[in-house]
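>>> Return a 3D structure for these sequence lines:
(chains A and B)
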Number of protein chains: 2
Amino acid sequence: MEAELKEILSDVDALKRSSIDPSLHNSIDQLRLRVEHLASLAESAPVQRSKVKDMSAEVIDSNPYSRLMALQRMGIVANYERIREFSVAIVGIGGVGSVAAEMLTRCGIGRLLLYDYDTVELANMNRLFFRPEQVGMTKTDAAVQTLSDINPDVVLESYTMNVTTVEGFDTFMSSLKKKTFRSHKEGCGVDLVLSCVDNYEARMVVNQACNELNQTWMESGVSEDAVSGHIQLLIPGETACFACVPPLVVASGVDERTLKREGVCAASLPTTMGVVAGLLVQNTLKYLLQFGQVSRYLGYNALKDYFPTMEMKPNTQCSNNACLERQAEYMLAKPARDAAAKAKLEAEALVVEEIPLHDDNEWNISVGDDIELEESATPSTDVLPEGLVHELPAADEYKHASSLEQDTQDANSADDLDELRRQLEALNAV
Amino acid sequence: MEAELKEILSDVDALKRSSIDPSLHNSIDQLRLRVEHLASLAESAPVQRSKVKDMSAEVIDSNPYSRLMALQRMGIVANYERIREFSVAIVGIGGVGSVAAEMLTRCGIGRLLLYDYDTVELANMNRLFFRPEQVGMTKTDAAVQTLSDINPDVVLESYTMNVTTVEGFDTFMSSLKKKTFRSHKEGCGVDLVLSCVDNYEARMVVNQACNELNQTWMESGVSEDAVSGHIQLLIPGETACFACVPPLVVASGVDERTLKREGVCAASLPTTMGVVAGLLVQNTLKYLLQFGQVSRYLGYNALKDYFPTMEMKPNTQCSNNACLERQAEYMLAKPARDAAAKAKLEAEALVVEEIPLHDDNEWNISVGDDIELEESATPSTDVLPEGLVHELPAADEYKHASSLEQDTQDANSADDLDELRRQLEALNAV
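Next up, the predicted model:
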């Protein structure tokens, strides 16, 4: 707008110069004043923040990344700036997807692919992100408008389309495979797919695409009564896929479009959707930047503030063929995984054995294992500035205890399921 | 801007009419085209949504409250529109407070009082809400700008000031007492105070004000390493106040301003702050609209997705005098609370006894209590459209249990207060 106003001003000036009639000069001067006034109004319009080449930890007000880079000094993340290398696809830019996109944008994610076919309505205003002035825009366009203002460092790709159509699915698949940004992985051009859709059909489409591409993804959902939700991590072949177990939120049998046409409307709350988006992106950050414990399934019951967790193994009778292929690959790779785990354990044991004993050790005195002592003596990696204490027990306490616990659980549940499968197969064979 | 452009256009037209030199006409026409182009650009500028008189449940795209009013049909909230009667004060409009304010605004809260002295910086951009174009504005002004665009139905009061100064505390107290909006309560003009500040000193100030005013409030906090947080409900006299127990997030001893000056900067994440804001406002909605179970304390450990809960009784040795006064009042009212609870139990027992028996009931056969049967036979209030199932246990299961509990509590506290007033008046009369 500034450029247009400058052109108008120079036009007015040229007009004055070329006018030989002095009676016109007054009118032209008046016109010039009006245009100048308009220019001053336009100048108070927003200025955009410029791009930032490298993320810095410098503590100055003008650094948009100082509070994120501080995660390194706090001992939470080893290399925060790696976030710029990742591509995340978000399917469904509604109450959960839009907030997830905003969180990742503010975190400085490398590249975001956004998929939705819907437009913004006033009826969406009870959830975060979209603004009344965006009513009528497609959700993808409105999201790109807001997100590029918030953080111009993020590469945004907008796909205004329905992934559940035949054509839409093809575009979806090829956009996920496209490696314009980074090509560190086989098969797929994105690091994670987030499903933030509101219907069963679209979830099954994301499931199909991710099974085919062997692409890890996260599911999210909020119930029709707005007071519960969940997030779920799906690793093809390793965890249950969306078709492996009866889905937890379904519109089974009835066409959902019929429901909507009949004036039935689901309730929604910015709180529940904000919490689910927060848990989803937190799990995304933990997964991508490798810190904390990535949750396999986390539920949220708002009425009781109850947060159930669970693990779901793949169903060997899954109706999805691509899932069965991924399961077979995962089983095939088991010996290699076990060997690697064993080698790791042995390498760790070797370090302990290597503690040198004195040659003239006639009483065979050995230096005791002082790992425990060291752990309590040295400060944890979690260094806080003087005078600050942690609100909850330090992260590494959990990590230590829980990773042991987790391993045991995994082993148990795998054995249980194998046993269960043997029993079922035996029954079927009869 | 539109008005200014129209004036410029009519100036240009007048210029053309008054110009006798035809060689100027071309230049003037070109100028007119430029101004018209600018006008078309300006036309695509935002339009605001108009105010809504009554909240409607009508399912149309243009209804900003349809998804909230649907909470009634879903059996979650008895009377959603009551939200318009409530005033909530938010102290600290940072990473948690700004998002809490946006959620309450989108939910259609009646009145919001916002307190902060700080200005928006680029360093805040790693959390939700503020936009780069707002850098340099006070947080309260920027918040009012955004929130009034989102929902013009909400009455917004902005207090750009530091509540921890002597003068600030006075303004804070009188603003809380002011009953411009609603005067249903004694003592205070707000229904709830939310503390979203980032330091110990400010929390102690909110604690002091709420203890003096006998005002229920909720505390929130996020740790310096950005991966844990909590919310807490504080009811003066009934629960621990902020001075009763050693605070969970503290910068003990060291002046926090010194820390900041030395270039130490706390980490923060939009995810953790978004989750804490969501849990805080969810608890607020449950408290104000009386549904579900209001949490007394809810923690969030992001590394493990662990959500501890607890209850904290007041400390009889608390250093805060106002807290001790509220505790004494609460203890004084205990007999009345107990009597009311007993009366209620007896009333319920009476209902069971009143079941009529036939006069000629020689075998003394009585009709069994069929409340249980009825409950399983009739559909729950939670009517979902055909084909939809709940993701987690149905809301009314919880509501049933918790609303009974709630009723008892409410009845108790009302009776307690009346009894207390009588006792206090008797004391004053002496």
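>>> quick one, helices of chain A?
Using DSSP state H, the helices of chain A run over A:2-18, A:22-43, A:66-73, A:97-106, A:139-150, A:166-177, A:200-213, A:256-261, A:270-289, A:321-332, A:334-353, A:371-377, A:395-429.
>>> what sits up against the second one?
Outside of helix A:22-43, the residues within contact range by Cβ atoms under 8 Å, 6 or more residues apart in numbering or on different chains are A:1-2, A:5-6, A:8-9, A:12-13, A:15-16, A:19, B:1, B:4-5, B:7-8, B:11-12, B:14-15, B:18-19, B:24. Bear in mind the C-beta positions are built from the backbone N, C-alpha and C, glycine included.
>>> which of those residues count as buried?
Buried by 16 or more other Cβ atoms under 10 Å in any protein chain shown: A:1, A:5, A:8-9, A:12, A:15, A:19, B:1, B:4-5, B:8, B:11-12, B:15, B:19, B:24, out of these.
>>> the bottom helix or strand of chain A by mean pLDDT?
Within chain A, no helix or strand scores below helix A:371-377, which has a mean of 38 by mean pLDDT, DSSP states H and E.
>>> From residue B:272, how far off is residue A:95?
19 Å (Cβ to Cβ, to the nearest Å).
>>> Ok, residue A:161 next?
Residue A:161 is 33 Å from residue B:272, where distance means Cβ to Cβ.
>>> can you check residue A:66 too?
Distance from residue A:66 to residue B:272, by Cβ to Cβ: 16 Å.
>>> I'd like to check which residues are in contact with the nearest residue to residue A:242 once chain neighbours are set aside.
Leaving aside its sequence neighbours, residue A:242 sits nearest to residue A:207 (Cβ to Cβ, 6 or more residues apart in numbering or on different chains; 3.8 Å). The neighbours of residue A:207, taking Cβ under 8 Å, 6+ apart as the test, are A:234, A:241, A:242, A:243, A:320.
>>> Highest neighbour count among those residues?
The residue in the contacts of residue A:207 with the most neighbours, by other Cβ atoms under 10 Å in any protein chain shown, is residue A:241 (29 neighbours).
>>> State the distance from residue A:2 to residue A:9.
In terms of Cβ to Cβ, residue A:2 sits 11 Å off from residue A:9.
>>> picking that back up, so for residue A:161 and residue B:272, which residue has more residues nearby?
Comparing residue A:161 with residue B:272 by neighbour count (other Cβ under 10 Å), the higher total belongs to residue B:272, at 27 against 18.
>>> Just the strands from the stretch 51-200 of chain A, written as ranges.
A:87-91, A:111-116, A:155-160, A:192-195 (DSSP state E, counting those that start in this stretch).
>>> Verify the contact between residue A:175 and residue A:159 for me.
Yes: using Cβ atoms under 8 Å, residue A:175 is in contact with residue A:159, at 6.1 Å.
>>> Pull up the overlap in contacts between those two.
By Cβ under 8 Å, 6+ apart, residue A:175 and residue A:159 have these common neighbours: residue A:113.
>>> Can you read off the pLDDT for the nearest residue to residue A:159 once chain neighbours are set aside?
Leaving aside its sequence neighbours, residue A:159 sits nearest to residue A:115 (Cβ to Cβ, 6+ apart; 4.6 Å). For residue A:115, the pLDDT comes out at 98.
>>> wait, residue A:115 sits on residue A:161?
Yes: using Cβ under 8 Å, residue A:115 is in contact with residue A:161, at 6.8 Å.
>>> Mutual contacts of the two, please.
residue A:172.
>>> Residue A:323: what's it in contact with?
Contacts for residue A:323 were tallied using Cβ under 8 Å, 6+ apart; they are A:211, A:236, A:237, A:241, A:243, A:244, A:314.
>>> Quick check: the farthest pair among those?
A:237 and A:243 (13.2 Å; Cβ to Cβ).
>>> What distance do you get for residue A:10 to chain B?
Distance of residue A:10 to chain B, given as Cβ to the nearest Cβ, to the nearest Å: 10 Å.
>>> I'd like the distance between that residue and residue B:40.
20 Å.
>>> Then residue A:156?
From residue A:156 to residue B:40 the distance is 26 Å (Cβ to Cβ).
>>> sorry, back to before: the residue nearest to residue A:159 - how many residues pack around it?
Per other Cβ under 10 Å, the neighbour tally for residue A:115 reads 30.
>>> who does it bridge with?
residue A:91, residue A:159 (DSSP bridges).
>>> give me every residue that touches it.
A:89, A:90, A:91, A:92, A:93, A:140, A:159, A:161, A:163, A:172.
>>> got it, and residue A:80?
A:55, A:68, A:69, A:71, A:72, A:289.
>>> Please tell me how far the third one sits from chain B.
This points to residue A:69. From residue A:69 across to chain B, the span is 8 Å (Cβ to the nearest Cβ).
>>> my guess is that residue contacts residue A:55, does it?
Yes: with contact defined as Cβ under 8 Å, residue A:69 counts as touching residue A:55 (5.8 Å).
>>> Are there residues contacting both of these two? Which ones?
Both residue A:69 and residue A:55 are in contact with A:80, A:81, where contact means Cβ under 8 Å, 6+ apart.
>>> Run through chain A and note the low-pLDDT ranges.
A:1, A:41-47, A:181-187, A:246-264, A:351-430 (pLDDT under 70).
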